[in-house]
Structures are given as C-alpha cells and as structure tokens.
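Student: generate coordinates for the sequence data below:
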Amino acid sequence: MRLAAVAVVVLALSTLSVPARGDPPRNAVTEWNAIAVNTLIGLPGPAGGAPPAAQIHVAMVQGAVYDAVNATEPKHYRPYLLDRRFSANASKDAAVATAAYGVLHHIVSTVPNVPDAARATLLDSLAAQYATALAEVPNGAFKTQGVAAGNAAAGAMIAAREDDGRFGPSVWVPNTAPGHWWPQTNPTTGQLILDPTPWVGEVDPFVVQTASQFRTPGPSALSSAIWAQEFNEVKALGAANSTVRTPLQTYIARWWQSQPVASWNQVARDLAVRNSLSIADSARLLAMENLSGADASISCWNDKYYRDFWRPWNAIPRAAEDGNMATEPDDDWIPLISAPYPDHPSGHLCLDGAHTRVLQMFFGDVIEGGYQITSLSTLLGAADPRTRTFGSFSESVAEVTEARIWAGLHYRTADVQAKVLGWNVADYTAANYFQPVGRGH
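Tutor: The predicted model follows:
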C-alpha cells in the first residue's frame with residue numbers, strides 16, 4: 001500500500017505542467033474556489049454550512065470546475081463526469097466562472113433552512129461576481145465556447161448529485177448504555193444539542209465505492225489498558241479547568257476549532273499561485289483535494305453513527321460503568337470545547353488527513369518558506385494571533401491530533417484512525433481518478 005502511495009505521489013508531481021512565460025498571474029480557478037468556500041461555509045449549519053456538509057458542497061463546485069477546464073485542454077486528464085470535448089481555444093476563465101457559478105447558484109437556491117432574504121442576497125452577490133468575471137473575458141466565439149463548457153460541467157454535476165442523500169433524515173438511534181454517545185443539553189432551552197447535518201454519512205460518495213469502504217478499526221475496548229490510558233489523558237488535558245494543560249496548548253486547541261475546508265483550500269490556493277500552477281493543474285489539485293475531502297467526511301460521519309461512541313463528557317462522569325478499574329468518574333468534568341455528534345472517528349482529522357495527503361502529492365511534505373493558515377475560530381481572544389505558519393503538512397496534522405485531545409473533544413485513537421481514513425480516501429482518489437490520458441502517458 002505504501003509503495004502504491006509513493007507511486008501516486010511521483011505521478012502527480014511529474015505530470016504538473018509548467019505555465020508559459022508571460023502567463024497572467026490571475027488564476028480563475030483559485031479565485032472561484034475562494035468565492036465558493038466563503039459562500040458555502042457562510043450558510044447556516046442546518047443549510048449545509050457545518051464543516052462536513054460544506055465540504056460536500058465545495059466538492060461539487062470543484063468537480064465541475066475541473067471538468068470544465070479539462071474539457072478544453074488539448075492535453076487532458078480523465079474527466080470526472082463530463083465526457084465531452086470543447087475547443088482548446090475556449091476561454092478557460094469563462095468556463096471556470098460558469099461552472100462554479102452554475103453549481104453555486106443551484107446549491108444556494110435549493111438548500112433548506114435559509115431565510116428568503118438571506119438567500120436572495122447570496123444569489124444577488126453570486127450573480128454580480130459572475131457578471132464581473134464574464135465582463136473581463138473578450139466577447140466572441142472563445143468566450144461562448146467557454147461558457148458552454150462551464151454550463152455542461154455544472155449540469156453534469158447537478159444531475160449526478162440529484163437525490164444523493166443530502167438533507168435526509170437522522171440515522172442516530174438513541175442508546176443510553178455505557179460506551180454510547182449522548183448529546184448535551186442546551187441549558188437555556190432544555191433541548192438536546194443535536195448534529196445539524198446528521199445525514200452526511202448517508203450521502204452517495206463522490207469517488208469511493210461505499211461510505212464504509214474505509215471503515216476504521218474502531219475505538220478501544222472499554223476493558224482495555226489502552227482505553228484507560230486515553231481516558232485519563234483526555235480527562236487531565238481536556239478539562240475546561242485543566243491544571244496540566246498549558247496556556248499555549250489552550251490557545252492551539254481553540255485555534256484549530258475552525259473550518260478545515262476553509263483552512264486547506266486557503267493553503268492550496270496560496271501554494272498554487274506561489275508555484276505558478278496552470279489553470280488546468282490548479283483545477284486538478286482542488287478537485288482531487290475536495291472530492292477526497294468530501295468522501296472523507298461521508299466516510300467519517302458514516303463511521304461516527306455506526307460506532308456511536310461516547311465523548312469524554314459522556315464517559316468521564318460515568319466511568320464507574322465502563323468496567324475498567326483504571327478509570328475513575330468525575331461528575332463535574334466538562335470539556336474545554338464540545339461538539340454535537342459521536343466521538344469516533346475525529347471529523348477534523350478525517351478532513352485534515354485527506355486534504356494534506358493530496359497537498360503532499362502535489363508539493364511534497366516540507367514546504368520551503370512554510371505555509372500559513374488563518375483560523376476562523378470564534379473561540380479566540382482579540383489579542384490571539386489568527387494566522388500561523390507551518391513548515392510541513394505532517395507538522396500541522398500532528399498538532400491537530402494533540403489539539404483535539406487538549407480540547408477535550410477526542411481520545412487519541414479517534415484522532416489517529418481518522419487521519420488514516422483521510423489518507424486512504426485520498427490515495428484511492430489519486431489511484432482511480434484524475435489520471436492523465438492520451439499519447440505519452
């Protein structure tokens with residue numbers, strides 16, 4: 001498996017095209033990726049703005065953008081959905097803008113739980129940005145051909161995702177037995193705090209065969225020494241009033257309580273521009289990254305509700321019920337940060353694993369000069385730095401693994417297995433999709 005993964009990395013790096021000297025610095029793919037991410041994470045949680053659902057919607061946009069660009073490339077890769085060719089002279093800027101706008105307009109128009117006024121404002125904003133983008137492309141046959149390619153790609157994606165399981169019913173089956181998750185209660189309303197998008201695990205995958213294809217090995221047995229070790233680790237480090245967690249660890253835990261889809265797409269855009277990736281390679285990068293991320297989310301949420309494993313704030317007060325003599329209850333224990341869905345595996349690390357695996361395929365692990373992430377966390381103080389620099393992808397993923405424990409959100413096994421799930425999805429994507437075709441490959 002590792003040899004296959006290395007081969008995939010070499011293939012991805014060796015097939016990057018070098019832009020011709022004098023190519024304009026603007027990149028329509030990265031520009032519309034920023035528009036898509038900002039639009040989709042801004043939706044209300046139940047409308048798809050929650051992290052796992054936002055990742056699915058970003059994947060729809062980037063898959064269509066990839067197909068639109070790829071359909072106009074003389075030297076192209078295997079299409080994702082659009083098995084149709086357009087003129088190589090077609091405007092790629094027009095194709096990108098049209099594909100992205102078409103999918104975004106469809107998503108914003110059709111998702112539930114958005115107030116009418118807010119929906120109208122979003123649609124007006126998207127229409128204005130699309131009009132601006134098209135106005136910058138000279139009128140003529142090439143523009144017309146680019147628009148046609150974009151419309152075809154958007155239409156293919158919209159048709160493929162019809163009745164795909166998004167916004168379906170919750171699959172959670174309440175169970176009060178030891179080892180099972182139970183939601184927290186809103187102290188103001190007295191209502192249970194439930195997952196805004198519990199349907200994610202039932203959505204049709206984009207690239208993998210089934211949502212359970214990369215099922216994790218699962219949590220540690222409650223009777224095991226490993227369970228006791230991880231229980232006591234998060235009990236000590238993840239408590240809201242922990243006396244062993246350092247101020248720096250507290251800051252880092254809060255800093256990572258951001259949107260992975262926003263963080264890693266920002267990194268991809270920055271590195272694409274810094275490395276002068278062509279529009280075609282930028283489209284391929286962002287499609288591979290986001291379709292892998294979407295299937296990592298789907299697989300992760302499928303696993304979460306399959307396992308239904310209890311969170312630390314469930315387990316620690318009820319430690320007397322786990323049958324393990326090495327764990328002790330604390331009725332007053334509360335986490336630094338909480339989340340409204342089962343523990344295993346970590347949703348953040350599923351996404352981090354998938355995104356960083358694809359980024360490593362394109363740019364390697366260690367990034368010369370480093371790369372920056374700006375956190376969108378609402379838990380940071382006014383004086384807390386929001387932008388931080390990392391030297392490698394392995395460094396950041398290792399830090400997230402610890403941060404989720406410092407936050408009181410996860411046991412270590414949930415983090416480690418989630419990262420591997422993300423890797424496996426990304427490796428499968430690279431081995432089976434977006435590969436070069438034609439003479440010389």
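Student: break down the protein into its helices, ranges please.
Tutor: 2-14, 28-41, 51-70, 92-110, 116-135, 141-160, 225-237, 247-255, 260-274, 279-307, 312-315, 347-363, 393-406, 412-432 (DSSP state H).
Student: tell me the buried residues in the second one?
Tutor: This means helix 28-41. Applying a neighbour-count criterion of 16 or more other CB atoms under 10 Å, one finds 28-33, 35-37, 39-41 buried in helix 28-41. To be clear about C-beta, it is placed using only N, CA and C from the backbone, and glycine gets the same treatment.
Student: how about the fourth one?
Tutor: Under the neighbour-count criterion of 16+ other CB under 10 Å, helix 92-110 has 92-108 buried.
Student: for it, packing partners?
Tutor: Judged by 3 or more CB pairs under 8 Å, 6 or more residues apart in numbering; DSSP states H and E, the packing partners of helix 92-110 are helix 28-41, helix 51-70, helix 116-135, helix 141-160, helix 279-307.
Student: so which of the ones you listed is the most packed in?
Tutor: Using mean count of other CB atoms under 10 Å, the stretch among the helices and strands packed on helix 92-110 with the largest mean neighbour count is helix 51-70, at a mean of 30.
Student: and residue 102, how close does it get to residue 382?
Tutor: Here residue 102 is placed at a distance of 40 Å from residue 382 (CB to CB, to the nearest Å).
Student: CA-only coordinates of stretch 214-229 in PDB, if you can.
Tutor: In PDB, the C-alpha atoms belonging to stretch 214-229 read as follows (Å, rounded to 0.1, in the frame of the first residue of the first chain):
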ATOM      1  CA  PHE A 214     -12.500   2.600   4.600                       C
ATOM      2  CA  ARG A 215     -14.200   1.700   7.900                       C
ATOM      3  CA  THR A 216     -11.800   2.400  10.800                       C
ATOM      4  CA  PRO A 217     -10.800  -0.400  13.200                       C
ATOM      5  CA  GLY A 218     -12.900   1.300  15.900                       C
ATOM      6  CA  PRO A 219     -12.500   2.600  19.500                       C
ATOM      7  CA  SER A 220     -10.500   0.700  22.100                       C
ATOM      8  CA  ALA A 221     -12.400  -1.800  24.200                       C
ATOM      9  CA  LEU A 222     -13.600  -0.300  27.500                       C
ATOM     10  CA  SER A 223     -11.900  -3.100  29.400                       C
ATOM     11  CA  SER A 224      -8.500  -2.400  27.800                       C
ATOM     12  CA  ALA A 225      -5.400  -0.700  29.200                       C
ATOM     13  CA  ILE A 226      -5.300   1.500  26.100                       C
ATOM     14  CA  TRP A 227      -8.800   2.800  26.800                       C
ATOM     15  CA  ALA A 228      -7.800   3.600  30.400                       C
ATOM     16  CA  GLN A 229      -4.700   5.400  29.200                       C
END
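Student: check the offset of it from the chain's centre.
Tutor: Relative to its chain's centre, stretch 214-229 lies at 25 Å (CA atoms, centre = their mean, to the nearest Å).
Student: same question for stretch 255-267.
Tutor: Centroid separation between stretch 255-267 and its chain, computed with CA atoms, centre = their mean, is 8 Å.
Student: that one - what's its average pLDDT?
Tutor: Averaged over stretch 255-267, pLDDT sits at 98.
Student: again, but for stretch 273-293
Tutor: Mean predicted confidence for stretch 273-293 is 97.
Student: could you do stretch 300-317 as well?
Tutor: pLDDT averaged over stretch 300-317 gives 98.
Student: equivalent analysis for stretch 223-232, please.
Tutor: For stretch 223-232, the per-residue pLDDT averages 98.
Student: stretch 83-91 too?
Tutor: Taken as a whole, stretch 83-91 has a mean pLDDT of 95.
Student: if we can go back for a sec, distance to residue 210 added to the helices of the chain, as CSV?
Tutor: Converted to CSV, the helices of the chain look like this (distance: least, CB to CB, whole Å):
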stretch, distance to residue 210
helix 2-14, 20
helix 28-41, 25
helix 51-70, 16
helix 92-110, 24
helix 116-135, 33
helix 141-160, 17
helix 225-237, 28
helix 247-255, 34
helix 260-274, 23
helix 279-307, 9
helix 312-315, 29
helix 347-363, 16
helix 393-406, 25
helix 412-432, 12
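Student: nearest approach to residue 174 belongs to which of those helices?
Tutor: For residue 174, the closest of those is helix 279-307, at 11.7 Å, according to CB to CB.
Student: returning to that earlier point: right, and the helices and strands packed on helix 92-110 - which one's nearest residue 331?
Tutor: Taking the helices and strands packed on helix 92-110 one by one with CB to CB, helix 279-307 is closest: 25.1 Å.
Student: who are the packing partners of that closest one?
Tutor: helix 28-41, helix 51-70, helix 92-110, helix 260-274, helix 347-363, helix 412-432.
Student: quick one: it to chain centroid distance?
Tutor: Its chain's average C-alpha position is 6 Å from that of helix 279-307, according to CA atoms, centre = their mean.
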